[in-house]
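*Asks:* The sequence and its predicted three-dimensional model are supplied below.
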Amino acid sequence: MQRRRFLGVSAAALAGTQFIRGGSAARADDAEGEDFADLRWGKLALPPSTPGYDPAGDAKTLIAATVASPAPNPIPGVQLLGSYAPGQRFVLRVPSNWNGRLVVAGTPAFRSEFANDAIWGDFVMTRGYAFASSNKGIAFSSGIEKIAASDSPGSIYPIPFDLFSLESEKIAIRLGALTPAKTSLAAWNDDLVTLIKVAKQYLVAHRHLPSHVYAVGYSNGGSQVRSLLERHPDLVDGGVDWSGVYWSPQRSLLDYLPPFLKAMPAYVASGFNDAQAAAAIEAAGFPTDRKQSTDGHQSLWFEYYAGQPSFYADLTLFAYALLIDPEATASIAAGGCTPDAKNPAGLPGTCAGTGLATPGARAAYVPSQAARNAIRGFAHSGDIGRPLLSIAGSADAFVTPHNNATAYLAAIKRAGKGNLCIQYLVDGGTHVDPLVDFGYGLRAQAPFAWAAFDQLAAVVERGVQAPGAGTQRIVTAPTDIVSR
């Protein structure tokens with residue numbers, strides 16, 4: 001069976017006015033960027049790949065092949081690569097025809113500072129905006145290693161699915177957010193604040209103070225944007241959050257992913273026809289599965305379970321539970337996992353270990369009170385202080401709209417800020433745009449996110465009264481977003 005795939009796995013306070021570069025400290029306002037004839041993704045020379053760090057590939061996994069580049073022509077300008085804390089990296093690009101405005105991007109998952117290049121960088125720079133993005137202080141995204149050779153048995157994810165023989169070969173994924181030290185979600189939010197300050201500092205020193213600053217972000221990058229608008233609205237004029245994760249002590253992905261993991265083995269074993277398993281998944285707030293007869297791509301739910309080598313739902317539950325929950329533990333034995341003989345590629349095997357290293361423990365996981373207390377420290381309140389245009393996909397079977405977009409809009413309205421938010425639910429949108437290349441009747445969300453940004457700029461700078469404040473609107477084309 002041929003299966004096309006993409007790899008979805010490869011996550012500081014301002015130290016005065018300094019940043020760390022090349023092992024030595026320098027003032028950010030003295031930093032010199034490098035001139036480039038073309039700043040576009042795929043055209044600009046980037047740092048070389050190293051284990052767990054793939055600058056070009058990181059961006060490629062987030063853009064659908066069918067989505068045309070928003071930057072068909074060269075974009076000359078300056079690029080600055082720097083760091084303002086150990087393990088932290090950022091990129092700042094200023095087009096030669098800079099329009100005097102700045103866009104900062106929150107970064108999804110545990111990805112690098114270049115992850116936003118294709119989905120955001122090209123789009124804003126072709127319009128003249130300066131663009132900045134960061135790795136959130138996560139030194140590397142992820143890498144694979146043999147379980148028996150790992151020196152981190154308590155923090156590696158043992159692959160329990162035999163897709164491409166990963167389980168048979170006893171392979172684990174090492175995550176930069178967990179090793180060598182954990183990076184907190186609160187620190188991610190602080191990093192976006194610092195990124196804005198550093199980017200503005202550079203622009204003031206080399207050009208002038210930006211007239212407007214916007215924040216954009218996808219997935220947990222969208223979560224960063226929400227937190228920024230709630231806690232530091234003075235730093236920005238507005239934001240766009242795309243499929244943002246909603247963090248609440250009462251309910252989060254730590255609550256709704258385990259029921260999905262628990263029900264999926266029966267659903268897979270039934271050929272994606274077990275009605276009881278499907279009902280349990282939908283009861284957890286998942287959109288109805290999308291099924292088709294295409295060989296290797298028969299269930300959208302399965303893509304997020306075991307159909308892609310990023311193993312989205314399973315790996316995410318493992319990583320974020322260990323990242324957030326002080327009572328969560330994991331230890332994998334050198335023997336690793338044994339494939340399930342009934343369906344080696346599609347069902348989880350039996351892992352030799354304890355805690356969250358075993359698939360059964362992940363499926364049965366319930367966040368501890370300590371985890372809920374930890375989430376309270378970075379939870380979203382909905383009390384935004386600047387306009388927010390929000391995009392989510394109706395078919396997102398990972399950061400599900402019911403548990404994230406809809407729930408966050410409700411929080412905004414409870415905070416009395418519904419007049420500042422417009423939320424668009426893209427009919428047929430799913431979490432990762434490249435999945436549209438597999439069928440399922442999906443729509444790529446990037447063009448909708450770009451339309452939302454244009455709408456945000458119109459609201460902020462031209463006083464456009466966009467319809468739908470405080471509501472969730474279903475859209476089928478990007479033109480449904482832009483006011484006429």
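*Replies:* Received the coordinates, thanks.

*Asks:* send the alpha carbons of stretch 298-315 over as PDB?
*Replies:* Provided in PDB are the C-alpha atoms of stretch 298-315 (Å, rounded to 0.1, in the frame of the first residue of the first chain):
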ATOM      1  CA  GLN A 298      -9.400   6.200   4.000                       C
ATOM      2  CA  SER A 299     -10.000   8.100   7.200                       C
ATOM      3  CA  LEU A 300      -9.200  11.700   8.200                       C
ATOM      4  CA  TRP A 301      -9.300  10.600  11.900                       C
ATOM      5  CA  PHE A 302      -6.700   8.000  11.100                       C
ATOM      6  CA  GLU A 303      -4.400  10.500   9.500                       C
ATOM      7  CA  TYR A 304      -4.200  12.200  12.900                       C
ATOM      8  CA  TYR A 305      -3.800   8.900  14.800                       C
ATOM      9  CA  ALA A 306      -1.400   6.600  12.900                       C
ATOM     10  CA  GLY A 307      -1.500   7.600   9.300                       C
ATOM     11  CA  GLN A 308       1.300  10.100   9.400                       C
ATOM     12  CA  PRO A 309       4.800   9.700  11.000                       C
ATOM     13  CA  SER A 310       4.100  12.600  13.300                       C
ATOM     14  CA  PHE A 311       1.400  10.600  15.100                       C
ATOM     15  CA  TYR A 312      -0.300  13.900  16.000                       C
ATOM     16  CA  ALA A 313      -2.800  12.900  18.700                       C
ATOM     17  CA  ASP A 314      -0.700  10.300  20.400                       C
ATOM     18  CA  LEU A 315       2.600  12.100  20.400                       C
END
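
*Asks:* for the stretch 101-250 of the chain, what spans make up the helices?
*Replies:* 122-125, 185-206, 220-231 (DSSP state H, counting those that start in this stretch).

*Asks:* how far is the last one from where the chain is centred?
*Replies:* This points to helix 220-231. Offset of helix 220-231 from its chain centre (CA atoms, centre = their mean, to the nearest Å): 12 Å.

*Asks:* give me the element residue 455 is part of.
*Replies:* Assigned by DSSP states H and E, residue 455 falls within helix 446-462.

*Asks:* per-residue confidence averaged over that helix?
*Replies:* For helix 446-462, the mean per-residue pLDDT is 97.

*Asks:* before we move on, back to that, return the most buried member of the helices of the stretch 101-250 of the chain.
*Replies:* Among the helices of the stretch 101-250 of the chain, judged by mean count of other CB atoms under 10 Å, the one packed with the most neighbours on average is helix 220-231 (a mean of 27). C-beta coordinates here come from the backbone N, C-alpha and C atoms, glycine included.

*Asks:* helices or strands up against that helix?
*Replies:* Contacting helix 220-231 under the criterion 3 or more CB pairs under 8 Å, 6 or more residues apart in numbering; DSSP states H and E are the following elements: strand 101-106, helix 185-206, strand 212-218, strand 238-242, strand 388-393.

*Asks:* Dump those to JSON lines, plus distance to residue 123.
*Replies:* Formatted as JSON lines, the helices and strands packed on helix 220-231 follow (distance: least, CB to CB, whole Å):
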{"stretch": "strand 101-106", "distance to residue 123": "9"}
{"stretch": "helix 185-206", "distance to residue 123": "17"}
{"stretch": "strand 212-218", "distance to residue 123": "9"}
{"stretch": "strand 238-242", "distance to residue 123": "11"}
{"stretch": "strand 388-393", "distance to residue 123": "13"}
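
*Asks:* about what we covered before: so can I have CSV of the helices of the stretch 101-250 of the chain showing mean pLDDT and distance to residue 405?
*Replies:* Formatted as CSV, those follow (pLDDT from 0 to 100; distance: least, CB to CB, whole Å):
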stretch, mean pLDDT, distance to residue 405
helix 122-125, 98, 21
helix 185-206, 97, 19
helix 220-231, 98, 9
